[in-house]
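# the sequence and its predicted three-dimensional model are supplied below.
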Amino acid sequence: MNNRNTRIAALLALAAALPIAYSQLPNIRRPSLPAIPGLDRLIKEDPPITTSLADAITEISYLDGYQPRDVVRMTVLPRNEVGSFRAFPGHFTYEAQSYCLHAGTHGPGGGEGYLYAPLKGPREKVIRSILRESVDHPEIEQQKVQSLVWAILARTKPSKLSPELRNTASQLVSEKDLASLEGSGWDFLKEQSSGSLFGSLPGPLRQIMEAENRLRSMFYSANAPFAELERVAVLTGEYKRQKGDRDIPRGRWSYHPEGYFVRYIPHGYSHTTEYVYFPERFTVESDGNGGVASIADPAGRKLRVEGGEAVYSERGADLGRAPFLPSKSESDKRKSEFESLLKRLKKDAGAAKRLAAIADLAGAFAPSEELWRQDARELAVNAWMSAFDEAVRPPETLFHAMLGIPSLGPPSYDPSNTVATPGETGRQRLAQSARCKHDASGDAGESGDGGELRKAVVDAMRKRGYDVGPDNVFVYDKRSDKDLLRFVVRMSRDGKPLPTGECIEEKIARGEVPPGSLEGAKEMLFGSVQFAGSQKRVGVRTVDVETGVITGAGKGDGSSIGGATDNAFESYKRW
């Protein structure tokens with residue numbers, strides 16, 4: 001190819017690439033390009049994935065610092081037919097395999113926050129297909145999946161990939177989509193052809209263009225080691241703030257339009273801890289003056305206002321009181337904040353007064369080591385989240401949720417529907433996967449308090465006629481919260497405990513559980529034990545897997561785990 005044709009090819013490829021970077025880099029003027037036939041069309045083309053910080057509009061600053069305690073691991077839940085988790089009302093945590101969606105940018109740092117944004121762009125369906133299909137192919141390494149994602153983002157022609165990566169693509173991408181990717185693929189530009197063109201671009205844009213071009217070169221050369229691809233795609237070293245960056249605190253909550261709350265804690269680009277809350281339904285009574293008289297949940301917990309105090313009770317028994325004299329100025333400030341949030345989401349701001357009143361009641365319980373105060377605050381904050389959900393969800397879905405129509409079943413969670421989007425625009429967007437990834441803290445049931453709890457649960461259930469053994473009780477903790485243990489038991493349709501553990505659905509599919517136990521759970525029993533000095537508090541509840549309805553609950557206190565567990569099961573009742 002002569003020099004003129006080489007330069008035209010370089011300009012065409014550069015023009016096609018420009019929208020990728022400019023969709024992520026605000027307020028940068030496009031450089032002028034020569035008049036080449038077809039160039040206008042190429043400039044107008046969208047990049048494969050267009051998700052940007054501008055799409056992250058559902059962040060909720062009011063919830064900053066809120067850390068729920070009674071959290072269930074997502075990986076103990078069953079899945080539906082497309083691999084999504086079948087969740088229930090309550091808090092969940094999930095250790096996700098995540099993937100870089102923005103080659104040529106910095107990986108997550110130590111303190112910046114990430115927000116929810118939808119997966120968008122011409123290749124949205126292809127990327128989502130890869131994330132979903134990889135759940136059914138645990139034999140495919142995460143690095144291979146990431147390499148395929150990078151190849152698509154760099155518009156690499158599938159036919160020029162290495163045989164191994166082509167095989168990965170054939171398992172995770174349909175033939176129709178592969179043909180489409182082939183037709184829109186680019187050739188890579190040689191250094192002597194592209195260097196001068198890239199050198200004239202603004203720094204952040206030049207980094208992205210050079211990274212994608214180098215990735216194409218490495219994919220086309222076949223068998224490039226993953227470590228080399230990673231060095232090109234994931235920038236290291238000091239991050240310099242860019243125009244358009246926003247200060248987002250680490251762990252900020254976002255609201256997902258499908259009716260749940262989520263926050264992201266990345267550990268590098270390949271592993272993200274997610275916290276998800278599916279709102280429970282609370283009964284909130286007004287005092288007639290715009291304030292809140294009481295808040296109650298289906299499990300028998302209640303907050304009520306009485307004589308200038310907020311009173312917390314469980315099953316009719318008062319556990320503690322706190323002064324409650326809300327400041328009008330603080331309440332008005334919260335109301336204004338919530339009005340702005342609702343207007344940003346194009347929703348009626350009329351619910352802001354009710355939200356502010358619930359937040360006032362939550363404010364009566366500052367962070368404390370006392371268990372009842374922790375429970376009272378969590379009840380009020382969760383009621384706020386439920387009220388917010390009611391204010392913003394479409395009327396028809398809210399109507400069904402409030403009716404609790406069994407045919408609709410419990411909500412589901414598909415991580416591939418979300419992109420963790422950084423407040424610092426020069427860092428990577430992170431796609432989320434539903435692949436099962438074990439938490440490093442593992443099963444805590446073999447030693448220490450975990451072993452004692454497992455034994456206590458087994459003993460308590462046996463006293464009540466359940467034929468349960470150690471393999472039926474999965475006990476786990478959270479690395480950042482060692483004073484709280486949790487346990488799960490799966491129950492069959494005839495009320496018998498089933499083998500229980502993380503990623504049980506995957507193990508069932510592979511036949512890795514004992515013969516005769518390959519049935520799905522009809523109910524799941526969730527429990528937790530909190531420690532406060534010598535006092536132990538155990539809570540239990542069962543949930544119907546098919547409907548998501550709580551079918552029983554109980555709580556108990558004691559000086560020993562065994563005593564508290566036995567008391568919890570003694571108070572347990574069916575609805």
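Here it is on my side, so go on. The model shown is predicted, which means the values in this text are computed figures rather than measured ones. Numbering: from 1, shown residues only.

# skipping its backbone neighbours, what lies nearest residue 180 in space?
residue 126 (8.0 Å; Cβ to Cβ, 6 or more residues apart in numbering). C-beta: built from backbone N, CA, C; applies to glycine.

# count of neighbours near the one you found?
Counted by other Cβ atoms under 10 Å, the residues lying close to residue 126 total 23.

# for it, which three-state class applies?
Under the three-state scheme (DSSP: H, G, I helix; E, B strand; the rest coil), residue 126 adopts helix.

# verify the stated contact: it with residue 181.
Yes - in terms of Cβ atoms under 8 Å, residue 126 counts as a neighbour of residue 181; the distance is 7.1 Å.

# who touches both of the two?
152, 173 (Cβ atoms under 8 Å, 6 or more residues apart in numbering).

# just to revisit the earlier point, from residue 177, how far off is the residue nearest to residue 180?
5 Å (Cβ to Cβ, to the nearest Å).

# for the residue nearest to residue 343 when sequence neighbours are not counted, grab the count of nearby residues.
Spatial nearest neighbour of residue 343, chain neighbours left out: residue 349 (5.5 Å); criterion: Cβ to Cβ, 6+ apart. Per other Cβ under 10 Å, the neighbour tally for residue 349 reads 18.

# cool, and residue 259?
17.

# that one is in contact with residue 411, isn't it?
Yes - between residue 259 and residue 411 there is a contact under Cβ under 8 Å: 6.6 Å.

# now the common contact residues for those two.
By Cβ under 8 Å, 6+ apart, the residues touching both residue 259 and residue 411 are residue 278.

# hmm, back to that, just list the residues touching the residue nearest to residue 343, thanks.
Neighbours of residue 349 in contact, by Cβ under 8 Å, 6+ apart: 338, 339, 342, 343.

# please, which helix or strand holds the last one?
Secondary-structure assignment from DSSP states H and E places residue 343 in helix 328-344.

# then residue 539?
Residue 539 belongs to strand 535-544, assigned by DSSP H and E.

# show me what counts as buried in whichever helix or strand comes after that strand.
Once the chain leaves strand 535-544, the next helix or strand it forms, by DSSP H and E, is strand 550-558. By neighbour count on 16 or more other Cβ atoms under 10 Å, the buried set for strand 550-558 is 550, 552, 553, 554, 555, 556, 557, 558.

# try stretch 318-338
319, 320, 321, 322, 324, 326, 331, 334, 335, 337, 338.

# check which residues of stretch 121-134 are buried.
Neighbour counts over stretch 121-134 (16+ other Cβ under 10 Å) mark 121, 123, 124, 126, 127, 129, 130, 131, 132, 133, 134 as buried.

# residues contacting the fourth one?
If I follow you right, that is residue 126. Contacts of residue 126 (Cβ under 8 Å, 6+ apart): 48, 152, 173, 177, 180, 181.

# model confidence score at it, please.
Each residue has a pLDDT score; the one for residue 126 is 96.

# who are the neighbours in contact with the nearest residue to residue 233 once chain neighbours are set aside?
Take residue 233 and drop its neighbours on the chain: the residue closest to it by Cβ to Cβ, 6+ apart is residue 103, 3.9 Å away. For residue 103, the contacting residues are 150, 153, 154, 208, 211, 212, 215, 232, 233, 234, by Cβ under 8 Å, 6+ apart.

# measure the closest residue to the second one other than its chain neighbours to residue 130 for me?
It stands for residue 153. Among residues not flanking residue 153 along the chain, residue 48 sits closest, at 5.4 Å (Cβ to Cβ, 6+ apart). Going from residue 48 to residue 130 by Cβ to Cβ gives 12 Å.
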